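Novice: Provided below for reference: sequence and predicted model.
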Amino acid sequence: MASIPTDWGLPDWRDSSAYGNVSEWSELRWRWEFTRRREDVRTTFLQYADETHKSLMASPRYAEMRPEDGKTPDDPSFWAMTPIEPMFGMIGIPNPRISEQPLLDHLFTKSHGVVHIGHGKDYLDFEEWTSVFLPKGAVAIEFDINRPLAPQIKSAEVTLAGLAKLKQRRRHRSKWLTYLRALDGKEAGASWSVIASVLLGRAQREQLHAPQSASEIWDQAHSLMFNWPD
């Protein structure tokens, strides 16, 4: 296993602008940002990155691969592959040091097929073209009748429940950047008092229970890391 790094490519948690334009982040990008901060994900990547890289190098096509193809563990498109798939709801494990991953549309797994979400009759997005048109709030899920249906149906039930939770959770999306900053602040060794002084508003900072409020923000962020809706 590779040595455990001290730098996981996290922004300066004290500066919100260090995270970039988060308003443009997709749902999958948010999910990856929380996922890559998990200690078990990082450890598993380190455990299998070298082994996966050696397997790639054994391929006769390795010399033709480019960095954008995920040629080495330091490339964004590289996924460490584990003997048990999937782990952490992912087909493989990208490098947790790298924030911007190009293959997020294919990373997170489901047993069933594509999920089509209705946006209403006035919705049209040529980058997400689909022949399935649904009323706003409706969902259609594809099933493969050539594969066992029971696992697909079970996974679909989880997905539908997750979508319902996600609709509720999206109301709190404005808090997700604060959640990431709380996680990063604690990882950087900041105390609850310091985290509170940076993340909370002036009125909240002046309250006696401000450190407790910062701790509660971290708890909510930590819960989201491990309970993202499928």
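Specialist: Nice, thanks for sending it over.

Novice: tell me where this structure has strands.
Specialist: 79-80, 93-94, 115-117, 139-141 (DSSP state E).

Novice: what's in contact with the first one?
Specialist: The set of residues that contact strand 79-80 without belonging to it, under C-beta atoms under 8 Å, 6 or more residues apart in numbering, is 44-45, 47-49, 51-52, 70, 73, 91-95, 103, 107. Every residue, glycine included, has its C-beta placed from N, CA and C.

Novice: count of residues packed around Pro148?
Specialist: By the criterion of other C-beta atoms under 10 Å, Pro148 has 10 neighbours.

Novice: from the centroid of this protein, which residue is nearest?
Specialist: The chain has Trp32 as the residue nearest its centroid, 1.9 Å off, counting by C-alpha atoms, centre = their mean.

Novice: looks like that residue contacts Gln101 (just checking).
Specialist: Yes: judged on C-beta atoms under 8 Å, Trp32 makes contact with Gln101 at a distance of 5.9 Å.

Novice: need the overlap of contacts for these two.
Specialist: Common neighbours of Trp32 and Gln101, counting by C-beta under 8 Å, 6+ apart, are 94, 107.

Novice: ok, which stretches of the protein are helices?
Specialist: With DSSP state H as the criterion, the chain has helices at 27-35, 39-57, 104-107, 149-169, 176-187, 192-199, 202-205, 210-226.

Novice: picking up where we left off before, output the strands of the chain in TSV; the columns should cover mean pLDDT, distance to Pro86 and mean neighbour count.
Specialist: Below are these laid out as TSV (pLDDT from 0 to 100; distance: least, C-beta to C-beta, whole Å; neighbours: other C-beta atoms under 10 Å):
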stretch	mean pLDDT	distance to Pro86	mean neighbour count
strand 79-80	95	11	22
strand 93-94	96	9	26
strand 115-117	57	17	16
strand 139-141	79	19	15
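
Novice: which one of those strands lies closest to Leu10?
Specialist: Leu10 lies closest to strand 93-94 among those, at 15.3 Å (C-beta to C-beta).

Novice: just list the residues touching the residue nearest to the centre of the chain, thanks.
Specialist: 94, 99, 101, 104, 107 are the contacts of Trp32 under C-beta under 8 Å, 6+ apart.

Novice: show the buried residues in those residues.
Specialist: Using 16 or more other C-beta atoms under 10 Å as the burial test, the contacts of Trp32 include 94, 99, 101, 104, 107 as buried.

Novice: which residues touch the closest residue in space to Pro76 that isn't next to it in sequence?
Specialist: Closest residue to Pro76 apart from its sequence neighbours, by C-beta to C-beta, 6 or more residues apart in numbering: Ile98 at 5.0 Å. Ile98 sits next to 9, 36, 76 when contact means C-beta under 8 Å, 6+ apart.

Novice: before we move on, back to that, hmm, which two among the contacts of Trp32 are most spread apart?
Specialist: Largest separation among the contacts of Trp32 by C-beta to C-beta: Ser99 and Leu107, giving 13.7 Å.

Novice: ok, back up a step: TSV please, covering the contacts of Ile98 and showing neighbour count and pLDDT.
Specialist: Shown next, in TSV, are those (neighbours: other C-beta atoms under 10 Å; pLDDT from 0 to 100):
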residue	neighbour count	pLDDT
Gly9	12	93
Arg36	22	97
Pro76	16	94
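
Novice: nearest to Phe226 among these?
Specialist: Arg36 (13.1 Å).
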